[in-house]
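Engineer: Using only what follows, build the 3D model:
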Amino acid sequence: MEELRALVYIAQRLGPMSERIREEMFNLLRLAAPLVICLGVIMPAPALAYIGPGAGLGALAVTVALVLGVLLLVMGVFWYPLKRLLKKKTATAGSDKNDGGE
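Structural biologist: Here you go, the predicted model:
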């Protein structure tokens, strides 16, 4: 009971200071929470599970398919239209030279 009275007395004496401490702790928590989350994502615990050769090769095949799919997507969206544009540009530049030389 004496300890509780002592704590109440200290809390009353530190009234305004306890608000400052609370704000500092909140700021520290705001900074520490993302760090803890990032560490949890970066350093996961091992699963201690066995992946058989079939599942391993399947996972490898899916990974290769995803990488190739992304590469083909980039080629289809960016490279071929750019290639077609450059071809048109060089074709029009070549026809302009031929037209001017006659």
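Engineer: Tell me which residue lies nearest the centroid of the protein.
Structural biologist: With distances taken as Cα atoms, centre = their mean, residue 38 lies nearest the centre of the chain, 10.8 Å away.
Engineer: Could you check how far the helix or strand containing it is from the centre of its chain?
Structural biologist: In the assignment (DSSP states H and E), residue 38 maps to helix 15-42. Averaging C-alpha positions (Cα atoms, centre = their mean, to the nearest Å) puts helix 15-42 23 Å from its chain's average.
Engineer: can you check stretch 13-32 too?
Structural biologist: That offset, for stretch 13-32, works out to 31 Å (Cα atoms, centre = their mean).
Engineer: That one: which residues count as buried?
Structural biologist: Buried residues in stretch 13-32, counting neighbours by 16 or more other Cβ atoms under 10 Å, are absent. For every residue, glycine as well, the C-beta is placed using N, CA and C.
Engineer: what sits up against that stretch?
Structural biologist: Residues outside stretch 13-32 that contact it (Cβ atoms under 8 Å, 6 or more residues apart in numbering) are residue 11.
Engineer: what about residue 68, neighbour count?
Structural biologist: The number of residues packed near residue 68 is 10, by other Cβ atoms under 10 Å.
Engineer: helices and strands around the helix or strand where it lies, which ones?
Structural biologist: Here residue 68, judged by DSSP H and E, is contained in helix 53-74. The criterion is 3 or more Cβ pairs under 8 Å, 6 or more residues apart in numbering; DSSP states H and E, and there are no helices or strands that helix 53-74 contacts.
Engineer: average pLDDT across it?
Structural biologist: For helix 53-74, mean pLDDT is 94.
Engineer: How about stretch 91-98?
Structural biologist: What stretch 91-98 shows for mean pLDDT is 70.
Engineer: With adjacent residues omitted, what lies nearest to residue 51?
Structural biologist: Leaving aside its chain neighbours, residue 51 sits nearest to residue 59 (7.4 Å; criterion: Cβ to Cβ, 6 or more residues apart in numbering).
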